[in-house]
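> sequence first, predicted coordinates after that:
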Amino acid sequence: MNSNPKISNSPAHHWNDRSIELIIGQLLRAGVLLSASVVILGGIVYLTRHGHTTADYRTFHGDTSPLRTLAGISHGTMQFSARAIIQFGLLLLIATPIARVIFSAVAFAFERDYLYVAFTLAVLAILTYSLLGS
Amino acid sequence: MSVLLFTLLVLLGSFIAGFLGSLTGLGGGVVIVPLLALLFHVDMRYAIGASLVSVIATSSGAAAAYVREGYSNMRIGMFLEIATTVGAIVGALIAAHVSTSTIAIVFGFVLIYSAYLSIRTQPPHPVNEPQDRISRTLRLDSEYPTPQGAEHYTVHRIPLGFSLMFGAGTLSGLLGIGSGAVKVLAMDQAMRIPFKVSTTTSNFMIGVTAAASAGIYLARGYIDPGIAMPVVLGALGGSMLGAKVLIHARTKILRIVFSVVIVALGFEMIFNGFTGRL
């Protein structure tokens, strides 16, 4: 359907949507596989180093964890800290749907569907606020 | 319990949760939080943090398979994500200001309601409804494949659907779940979108919705790598296996059994919330 010159305002835009959706599906899967691989790598290091220690998650200590910020996670990953590597993988996972939204904005722009470019950018702004504003 | 044993048991539990969640369409997140909190005595904040990240993994992992079927509607998804992401931020902010017991009680009621939604018989959509003006302006109407060829559908009651989506996002951010049941309710029942389109589009939206509260969870230290690692990997593996065997499974009986489990967990959560044990 790529040879079809009519883009939006015709039934043809469903076909464009379809191919974009297929690419997005692959993008999401690649993101999940990449982040899962990083989590597995960190998990193996974590279990070899700390597997024999006692697990206790009854009380919450998260508010003092260094792995709450991007700086803390990247610093720990550089030091090859197992927990930081896992957290980095989880961060990649959180970034995967955000990458999908960015890709959708570009795709809608190619379709010259500016209403949906605006909607997508609104979602992106909300996601950015959540990640950076907190 | 040693870290190794804890990791293996949580991995196994999350695998089963992801497997059953994907087979029944209820999602694994609804069982993972009670599993961690009630069985492993994990603090509620760590439990919802790990669950939320696993929800992103399972929904993104399933997306490739869903789009191949050609049901999902990207425009409906993107438009409604404005409501779910704002809701998710509101939910995550509320989570920081209420006690874990309150979250446990709300969680219990949501579990029971989700089970009810999944076993009740769906009232059929009314036929020949007039076309909706907002839907036409937003170009939400589309078509989906059926054995008889492509069938056209129109979208209705958009303000109601949009408001319900805000609620679904709030629950997702508050409880660390995908709230797929409420999203499907909003699209299928309120907006009269065909069921298959509703469920696949809902799956698409779950990841983005969860990502909106994940940033806040991360900054508050709810996401602990030691718990999230086995939960994410287990739920992801379980849901991928579930998607593979979905065609051969007798989901009706399974759905009823799983609903009973969810109701039991719901009462357990409410009880533990009221007695202050969670």
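Perfect, thanks for sending it. Numbering: from 1, shown residues only, chains lettered A, B, ... in the order given.
> what's the single longest helix in chain A?
In chain A, ranked by residue count with DSSP state H as the criterion, the top helix is helix A:13-50.
> next SSE after that one?
Past helix A:13-50, further along toward the C-terminus, the next helix or strand under DSSP states H and E is helix A:70-78.
> what about residue A:71, how many residues nearby?
Other residues within reach of residue A:71, judged by other CB atoms under 10 Å in any protein chain shown, total 9. Bear in mind the C-beta positions are built from the backbone N, C-alpha and C, glycine included.
> for whatever residue of the stretch 101-250 of chain B ends up closest to chain A, give me its contacts.
Residue of the stretch 101-250 of chain B nearest chain A, by CB to the nearest CB: residue B:221 (2.6 Å). With contacts defined as CB atoms under 8 Å, 6 or more residues apart in numbering or on different chains, residue B:221 is in contact with A:60-65, A:67-68, B:45.
> so where is the chain shaky, pLDDT-wise?
In the absence of a named chain, this looks at chain A. Scanning chain A for pLDDT under 70 picks out A:1-16, A:134.
> you looked at the wrong chain, it should be chain B
For chain B, applying pLDDT under 70 flags the ranges B:246-251.
> all helices of it, in order?
With DSSP H, the ranges of helices along chain B come out as B:3-24, B:29-34, B:44-69, B:74-97, B:100-119, B:133-137, B:158-175, B:180-184, B:195-219, B:225-245, B:251-274.
> and the angle from the first one to helix B:100-119?
Comparing the axes of helix B:3-24 and helix B:100-119 via axes from the mean of the first three to the mean of the last three CA atoms, to 10 degrees yields an angle of 30 degrees.
> now helix B:3-24: buried residues?
Burial within helix B:3-24, assessed by neighbour count using 16 or more other CB atoms under 10 Å in any protein chain shown, is assigned to B:3-4, B:6-7, B:9-11, B:13-15, B:17-24.
> near chain A too, which of the residues you listed?
Near chain A, taking CB under 8 Å from any CB of the partner chain as the test, the members of the buried residues of helix B:3-24 found are B:3-4, B:6-7.
> and whichever strand or helix holds residue A:119, what does it pack against?
With the criterion set as DSSP H and E, the secondary-structure element containing residue A:119 is helix A:114-133. When contacts are defined as 3 or more CB pairs under 8 Å, 6 or more residues apart in numbering or on different chains; DSSP states H and E, helix A:114-133 packs onto helix A:82-110, helix B:74-97, helix B:195-219.
> contacts for it next, please.
Contacts of helix A:114-133 with the rest of the structure, by CB under 8 Å, 6+ apart, involve A:94, A:98, A:101-102, A:104-105, A:108-109, B:75, B:78-79, B:81-82, B:85-86, B:88-89, B:92, B:138-139, B:208, B:211-216.
> look up how far residue B:227 lies from residue B:99.
Look at residue B:99 and residue B:227: by CB to CB, to the nearest Å, they are 20 Å apart.
> next: residue B:50.
In this structure, residue B:50 and residue B:227 are 5 Å apart, going by CB to CB.
> neighbour-wise, which of the two wins?
When neighbours are counted by other CB under 10 Å, residue B:50 comes out ahead of the other of residue B:50 and residue B:227, with 33 against 26.
> in this structure the more buried one contacts residue B:231, no?
Yes - under the contact definition of CB atoms under 8 Å, residue B:50 touches residue B:231, with a separation of 4.1 Å.
> which neighbours do the two have in common?
Residues within reach of residue B:50 and of residue B:231 at once, by CB under 8 Å, 6+ apart, are B:32, B:36.
> the helix holding residue A:119 vs helix B:195-219, what angle?
Using the same axes, to 10 degrees, the direction of helix A:114-133 lies 30 degrees away from that of helix B:195-219.
> surely residue B:2 and residue A:50 touch.
No - counting by CB under 8 Å, no contact exists between residue B:2 and residue A:50, whose distance comes to 9.3 Å.
> who's more crowded, those two?
Ranked by neighbour count (other CB under 10 Å), residue B:2 and residue A:50 place residue A:50 first, with 17 against 14.
> all set now, cheers.
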